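Undergrad: Give the three-dimensional model of this entry:
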Amino acid sequence: MDVNRRQFLTYLGAGTAALASMATGIPALAAGGNLSGKTADHLFGLENQKHNFNLKFKAIHPTTQDDVVLPEGFKYDVVASYGDKINAAGDTFGFNNDFTCFLPIDGKADHGLLWVNHEYLGELEHYVTGYDFLNADPENNTRTPDQIKKYLYALGGSVIEIKKENGKWKLISDSKYGRRVSGLTKHALTGPAASIAKEVTGTFANCSGGVTLWHTVLSCEENFIDVVGDCKLPDETHYGWVIEVDPFDPKSTPKKHTALGRFCHENTAMVLAPTGQLVVYMGDDAKDQYVYKYVSKGKFDPKAGKSNSKLLEEGTLYVANFGKGKWIALDYATNEALQKATNSDGEPLFTSQADVLVNCREASKAVAATPMDRPEDLEVHPIDGSVFIALTNNDKHGNFYGQIVRLFEKDNNHAGGEFTFEIFAAGGPQSGFAAPDNMAFDSAGNLWVVTDISSSSMNSGIYKSFGNNGVFFIPTTGNSKGMAAQFASAPVGAEMTGPWFTPDEKTLFLSVQHPGENLKGYDQPTSHWPKGGSSVALPSVIAITGF
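TA: Model (predicted):
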């Protein structure tokens, strides 16, 4: 596979954008007065650096091997595993790591902070709390207060300091930045629904996320309902939000931004519209749920630094109608459908904007938005500004393999009200991948996709040909446009999540989540990764090098 940046730029023509890109690197597209298309994805930290991402590798074949399998010439380091010490106070790395993002220290590509989400425990809970999940009665929750405390501490997110020395990435276990933001951490609320509580304890079910243009992290609460039930929590409306964390300030209070809506968030993809308004794309990862975007009322000010966080407190949340190619404002003050919506007893569903934001799913249904097949990760193309949407699957509609949709905003205005879309790539045996989940772009505009075939379906039935979950490389232009080549394979029972490149694009971080899932018994582990032998499998973050 040899797809280079020059091939990608052929379709751009000899316009100003193409010439600027070839001369000074992708960030030059956003370096001038026009902020349109400036993204806050994995390209954060690339300013003033030149790139020519030209990847050559021999695609691997599907495999059931209990290891991270890579093409020849690439290797991986295990950077952090569950239970590793992350600071002098003795805090430890959480469980089932998901989203990762690298934030350089002093602009260095080999030294920085890694934010990592911790999503859920599931059937592996026994290894964290001692609770006998496999044999428990689901109708009789017997978790003790101590087990619940361990459960909540293991979720949320970790800030870890990492450094590459002698060609190997390592965790700095006594870092002054090392921090846990967990199910036990106090959070502040912002925005129209902040009145639901003065403060909220905890974040959990943290799936994917994103970074902001002011160098903070956004982490997304997804399947929070399971955790609320398991941990006997009193109010589920405190969860299902997007949180913001400042990884460089260990004493800062995380925020939950209610203006971005409450649902099972997968990730955020931030971009600036031509107007200078901040736009955040999001998906609700469940069958027949919706695609959203938030448009700030105010404009981004590069000189304002972290004060730009206020842009996430006041704006308009929209939901997509794909049949009409329109964004519908979930604004109680202006949308009559929301004002007139009633329940089965004829009572109003909503009486305020706070009601709408707390109950986004009901609001989206009321305005006739388009139900989708598990919209997970959304990412903005770093060159042309199109929006890629991973639709993982939906067996209710016979969509077992999923697909990737590419959305084009009218006039490339991310704050606008109209769009068109195409099916960019479809999962299935013909393409070699199934159940697309998290995505990332390299600086040449190539798409990197990880897959999420459930551990109960993996290597059986219609999914047998795919082997373990994997990582796929998909060019977005040229002769190989839309064609997937497998770059990596996960250990048994695991999925790869949270792909993120260092600024020099020489390292790709990935989470290896839930290795050993789909247990038959605690004495019959299905995986021994990463330590091998008879060891219990450990969720871990890895760093892949060889680019």
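Undergrad: what's the distance between residue 182 and residue 158?
TA: To residue 158, residue 182 is 9 Å away according to C-beta to C-beta, to the nearest Å. From N, CA and C alone the C-beta is placed, and that goes for glycine too.
Undergrad: list residues touching both of those two?
TA: Common contacts of residue 182 and residue 158 (C-beta atoms under 8 Å, 6 or more residues apart in numbering): 94, 118.
Undergrad: So these two - more neighbours on which side?
TA: When residue 182 and residue 158 are compared for neighbours, residue 158 comes out ahead with 26 against 22, by other C-beta atoms under 10 Å.
Undergrad: confidence score at that one?
TA: We have a pLDDT of 98 for residue 158.
Undergrad: Residue 56 too?
TA: You'll see residue 56 listed with a pLDDT of 87.
Undergrad: same check, this time on the one 4 residues further on
TA: pLDDT for residue 60: 98.
Undergrad: Where does the spatially closest residue to it that is not a sequence neighbour sit: helix, strand or coil?
TA: Once flanking residues are discounted, residue 60 sits nearest to residue 486: 5.2 Å by C-beta to C-beta, 6 or more residues apart in numbering. Recorded secondary structure, residue 486: strand (DSSP: H, G, I helix; E, B strand; the rest coil).
Undergrad: For stretch 120-131, list every residue counted as buried.
TA: Residues of stretch 120-131 classed as buried by neighbour count (16 or more other C-beta atoms under 10 Å): 120, 121, 122, 123, 124, 125, 126, 127, 128, 129, 131.
Undergrad: which SS state does the fifth one fall under?
TA: Right, residue 124. helix.
Undergrad: any idea how far it is from residue 65?
TA: Counting by C-beta to C-beta, the gap from residue 124 to residue 65 is 20 Å.
Undergrad: Isn't residue 396 up against residue 287?
TA: Yes. Between residue 396 and residue 287 there is a contact under C-beta atoms under 8 Å: 5.6 Å.
Undergrad: If you count surrounding residues, which of those two has more?
TA: residue 287 (15 against 10).
Undergrad: before we move on, back to that, I'd like the buried residues of stretch 120-131 as JSON lines, with pLDDT appended.
TA: Shown next, in JSON lines, are the buried residues of stretch 120-131 (pLDDT from 0 to 100):
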{"residue": "120", "pLDDT": "98"}
{"residue": "121", "pLDDT": "98"}
{"residue": "122", "pLDDT": "95"}
{"residue": "123", "pLDDT": "94"}
{"residue": "124", "pLDDT": "96"}
{"residue": "125", "pLDDT": "97"}
{"residue": "126", "pLDDT": "97"}
{"residue": "127", "pLDDT": "96"}
{"residue": "128", "pLDDT": "98"}
{"residue": "129", "pLDDT": "98"}
{"residue": "131", "pLDDT": "97"}
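Undergrad: and of those residues, the nearest to residue 362?
TA: residue 120 (24.5 Å; C-beta to C-beta).
Undergrad: Correct me if wrong: that closest one contacts residue 223.
TA: Yes. With contact defined as C-beta under 8 Å, residue 120 and residue 223 form a contacting pair (6.8 Å).
Undergrad: residues shared between the contacts of the two?
TA: Residues touching both residue 120 and residue 223 (C-beta under 8 Å, 6+ apart): residue 205.
Undergrad: which residues does residue 158 contact?
TA: 80, 86, 93, 94, 97, 115, 116, 118, 178, 179, 180, 181.
Undergrad: Narrow these to those in strands?
TA: 80, 97, 115, 116, 118, 179, 180, 181 (DSSP state E).
Undergrad: mind giving me CSV with the residues you listed and columns for neighbour count?
TA: Output for those, formatted as CSV (neighbours: other C-beta atoms under 10 Å):
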residue, neighbour count
80, 29
97, 31
115, 25
116, 30
118, 31
179, 26
180, 24
181, 29
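Undergrad: how about the residues you listed in a markdown table, adding pLDDT?
TA: Shown next, in a markdown table, are those (pLDDT from 0 to 100):
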| residue | pLDDT |
| --- | --- |
| 80 | 98 |
| 97 | 98 |
| 115 | 98 |
| 116 | 98 |
| 118 | 98 |
| 179 | 98 |
| 180 | 98 |
| 181 | 98 |
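Undergrad: what stretches of the stretch 1-150 of the chain score poorly on pLDDT?
TA: 1-54 (pLDDT under 70).
Undergrad: Quickly name whichever of the buried residues of stretch 120-131 is closest to residue 405.
TA: Distance to residue 405, by C-beta to C-beta, is smallest for residue 120 among the buried residues of stretch 120-131, at 26.3 Å.
Undergrad: Quick check: the closest one vs residue 203, distance?
TA: 13 Å.
Undergrad: Overlap in contacts, those two.
TA: By C-beta under 8 Å, 6+ apart, the residues touching both residue 120 and residue 203 are residue 155.
Undergrad: Common neighbours of residue 396 and residue 287, please.
TA: With C-beta under 8 Å, 6+ apart, residue 396 and residue 287 have no common neighbours.
Undergrad: still on that earlier bit, of the buried residues of stretch 120-131, which is the nearest to residue 347?
TA: Nearest member of these to residue 347, counting by C-beta to C-beta, is residue 120, at 34.5 Å.
Undergrad: Spit out the contact partners of the closest one.
TA: 96, 155, 204, 205, 223, 226, 227 are the contacts of residue 120 under C-beta under 8 Å, 6+ apart.
Undergrad: what residues are up against the first one?
TA: The one in question is residue 96. 82, 118, 119, 120, 121, 122, 124, 155, 513, 514, 539.
Undergrad: now swap in the fifth one and tell me
TA: Applying C-beta under 8 Å, 6+ apart, one finds that residue 223 lies in contact with 119, 120, 205, 207, 264, 285.
Undergrad: Give me the next element, helix or strand, following the lowest-mean-pLDDT helix or strand in the chain.
TA: Least confident element among the helices and strands of the chain, by mean pLDDT, DSSP states H and E: helix 16-24 (a mean of 27). Using DSSP states H and E, the helix or strand that directly follows helix 16-24 along the chain is strand 55-56.
Undergrad: And for the closest residue to residue 199 other than its chain neighbours, the neighbour number?
TA: Leaving aside its sequence neighbours, residue 199 sits nearest to residue 186 (C-beta to C-beta, 6+ apart; 5.5 Å). Residue 186 has 11 neighbours, counted by other C-beta under 10 Å.
Undergrad: And the residue nearest the centre of this protein?
TA: By C-alpha atoms, centre = their mean, the chain has its centre lying nearest to residue 208, at 2.5 Å.
Undergrad: State the pLDDT value of that residue.
TA: pLDDT, residue 208: 98.
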